[in-house]
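>>> take a look and give me a structure for this.
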Amino acid sequence: QVQLVESGGGLVQAGGSLDLSCAASGMILRVYTMGWYRQAPGQQRELVAQITRGLVREYRDSVKGRFTISRDNVMNIAYLHMNNLKPEDTALYYCTMVVQATGREGSETYWGQGTQVTVSS
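Numbers count the residues shown, from 1 in each chain. Sure, this is the predicted structure:
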């Protein structure tokens, strides 16, 4: 079993910064893509950023230049550094990882429980 635990959310004023982290634990052989999604009330969940094991990064347009995704392949941790936050960034942020568990041939996608980010104007 693999578990993801996020941390780092909170309340910040517009223009401020926050750092999110997500640590994976369990019977992990290898972690492929790591990503961050968010879901605001009444909205669909949307991809914010993702990073492959080879460090290829992808961002949604609205966060380009403000958010940076990174990862630690040894500790199996994903990070999201968020700068110049805007009220429209307010959402529940979820971490996701594509993981090959020990003793398994294929990979599965796991999700964290979510961490709230609230940006006040």
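
>>> buried sites along stretch 110-121?
Neighbour-count burial for stretch 110-121 flags 110, 112, 114-115, 117, 119 (criterion: 16 or more other Cβ atoms under 10 Å). C-beta: built from backbone N, CA, C; applies to glycine.

>>> and for that stretch, what's in contact with it?
2-14, 16, 18, 20, 22, 24, 38-39, 82, 85-99 (Cβ atoms under 8 Å, 6 or more residues apart in numbering).

>>> next one: stretch 2-11
By Cβ under 8 Å, 6+ apart, stretch 2-11 touches 18-28, 93-97, 99, 101, 108, 110-120.

>>> hmm, try it at 6 Å
Stretch 2-11 is touched from outside by 19-26, 95, 99, 101, 110, 112, 115-118, with contacts defined as Cβ atoms under 6 Å, 6 or more residues apart in numbering.

>>> over to stretch 84-100?
Residues contacting stretch 84-100 (Cβ under 6 Å, 6+ apart): 2, 4, 6, 12, 14-16, 20, 22, 24, 28-40, 66, 78, 107, 109-112, 114-119, 121.
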